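Asks: The sequence isn't on hand, but the structure is:
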């Protein structure tokens, strides 16, 4: 069972952090849950964070609580990788290993505990359903995220038709097979056979998605260094989605914004209101 | 001249951090400036932070940018003490020395560089006037802050009649002469003669304030540990202000809120709109 780590009243609701023992990951994990004022049951929005982040970044800098309170939405922020399991080299890079789980289920023997995909789509939803009881309506979930977490949100939604009512992302890594971050992560966690990579690549999944019509909102800052360096490649996802009638994508290039939480917080209200429309 | 350290677009405006060489403090200092979208000139709101904070805390966790953009207000966040000047013992406590300047001009020889009162009321406003030019209307300033910074805001406003159009505070230290934090700071910076302490005690200043009518908004969380431990003593300030017709105080005890930035961000919009009324 999850243990409460902290609790702070925020915009009439409560921002909590919990820890629990993850069976899937084999370690203790923290996650953050915001519950809006009122009795519920409330729909649930997942926020997946980016490289180097924990469950804390969006809670402190994302400015989602005000809009989540206004719309009556529970917001859950998981961590970004297993913690403290001590695999050789797991702290050598900021973009691989600790803080960089990439929301895949690793198949390479050495990295087998890295099963963040199963963790965020199955184990943690079960833990939260038990924890939140009548406060949360787990039949109404949506998902969003930033950068690596934007990649996570897009693939979780497309790999699980009907599980999420809608999906959005802030500056997502849209084609990990074709960018340095994704190639490093996928070769490390999944091995060199690129056919296995496609199951976790949003642009590849967008070619094949055949579930119910899925609404997608993407915001991208125009002066984002990682966009300019070719790590994000939103044009590849948008091009694939345009050819698929089951994907309805709104892509917004936001003039002058960068990759930071200042960008995320500026458009968080729009994303929460976007998801609220489909609950 | 101030040097730009960082710049991030936020809610249509720009959040910058600068560094400069402070003559008053004899060291390099950082400060943060948010400018809303548009040409200005904009009125200026100062936010003074609490113990252990830097210029960064409120910028990242205070959620003021959205309301400052909507109201067209420049927000400036100074640091909380001189930095890197290496006085013996300045890093021994979290509530004295570095990160704990208490917005006084020290008179004790050893702590003479601690002149945060002069720094935030005189030197930094001059630096910002030169830096911001036509963007800022320095004839229209107001001031707010949190905890030690709430104390700072109250004393700066009452010691400088007409300089600030209005003042507000989140969980301020209201009677530093009568609480452990204040007694430690004042005896350290000002020496043992308590008659010199009164010039920096908001409750004492509230007895004597005789400037133009001053509007004061104070928010205080009801489950704030430091309230319960007697560090804040808002009742002493409110009692003194009630007897002074020149002070018009709205004191709000916010049920269930604590001392954190979750509390500050929840009511930041109210404070910005409060100050906007008097510009």
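Replies: Arrived safely, thanks for sending. Predicted model, so just to flag it, every value in this text is computed and none were measured.

Asks: For the rest of this, base every contact and every neighbour count on C-alpha atoms.
Replies: Noted.

Asks: Show me where chain A dips below the pLDDT cut-off.
Replies: Scanning chain A for pLDDT under 70 picks out no residues.

Asks: partner residues bridging the most centrally placed residue in it?
Replies: Residue closest to the average C-alpha location in chain A (Cα atoms, centre = their mean): residue A:48, at 2.5 Å. On the basis of DSSP bridges, residue A:48 takes part in beta bridges with residue A:145.

Asks: Check the gap between it and residue A:116 for me.
Replies: Noted for residue A:48: a distance of 11 Å to residue A:116, by Cα to Cα, to the nearest Å.

Asks: Equivalent analysis for residue A:188, please.
Replies: From residue A:188 across to residue A:116, the span is 14 Å (Cα to Cα).

Asks: more neighbours, these two?
Replies: Neighbour tally, residue A:188 and residue A:116, criterion other Cα atoms under 10 Å in any protein chain shown: the higher count belongs to residue A:116, 26 against 17.

Asks: What about the nearest residue to that one once chain neighbours are set aside, how many residues nearby?
Replies: Of all residues not flanking residue A:116 in the chain, residue A:103 sits nearest, at 4.6 Å (Cα to Cα, 6 or more residues apart in numbering or on different chains). Using other Cα under 10 Å, residue A:103 has 25 neighbouring residues.

Asks: Tell me who's in contact with residue A:103.
Replies: Contact analysis of residue A:103 by Cα atoms under 8 Å, 6 or more residues apart in numbering or on different chains lists A:80, A:115, A:116, A:117, A:120, A:149, A:152.

Asks: swap in residue A:98?
Replies: Counting by Cα under 8 Å, 6+ apart, residue A:98 makes contact with A:52, A:80, A:81, A:82, A:83, A:90, A:91.

Asks: Residue A:57 now?
Replies: By Cα under 8 Å, 6+ apart, the contact list for residue A:57 reads residue A:49.

Asks: what helix or strand is the nearest residue to residue A:10 once chain neighbours are set aside on?
Replies: What sits nearest to residue A:10 in space, not counting adjacent residues and going by Cα to Cα, 6+ apart, is residue B:262, at 5.3 Å. Element membership for residue B:262, per DSSP states H and E: helix B:261-278.

Asks: so which of the contacts of residue A:103 is the most crowded?
Replies: When neighbours are taken as other Cα under 10 Å, the top entry among the contacts of residue A:103 is residue A:152 (32 neighbours).

Asks: in the sheet, who's paired with residue A:75?
Replies: Residue A:75 has these beta-bridge partners by DSSP bridges: residue A:34, residue A:45.

Asks: surely it meets residue A:46?
Replies: Yes. Counting by Cα atoms under 8 Å, residue A:75 touches residue A:46, with 5.8 Å between them.

Asks: who has more neighbours, those two?
Replies: Applying other Cα under 10 Å to residue A:75 and residue A:46 shows that residue A:75 carries more neighbours, namely 26 against 22.

Asks: Distance-wise, check that one relative to chain B.
Replies: Counting by Cα to the nearest Cα, to the nearest Å, the separation of residue A:75 from chain B is 15 Å.

Asks: Near chain B, which residues of the stretch 151-279 of chain A? Just list them.
Replies: Residues of the stretch 151-279 of chain A found near chain B (Cα under 8 Å from any Cα of the partner chain) are A:256, A:257, A:258, A:260, A:262, A:263, A:265, A:266, A:267.

Asks: Would you point out the most distant pair within those residues?
Replies: The span of these, defined through Cα to Cα, is set by A:256 and A:265 at 14.5 Å.

Asks: For these two, indicate the residue with more neighbours.
Replies: Counted by other Cα under 10 Å, residue A:256 and residue A:265 do not tie: residue A:265 has more neighbours, with 21 against 17.

Asks: on that earlier part again, what residues do residue A:48 and residue A:116 have in common as contacts?
Replies: By Cα under 8 Å, 6+ apart, the residues touching both residue A:48 and residue A:116 are residue A:80.

Asks: can I assume the residue nearest to the centre of chain A is in contact with residue A:80?
Replies: Yes. Using Cα under 8 Å, residue A:48 is in contact with residue A:80, at 7.4 Å.

Asks: which stretches of the stretch 101-250 of chain A form strands?
Replies: Applying DSSP state E, counting those that start in this stretch to the stretch 101-250 of chain A gives strands spanning A:136-145, A:164-170, A:214-221, A:247-254.
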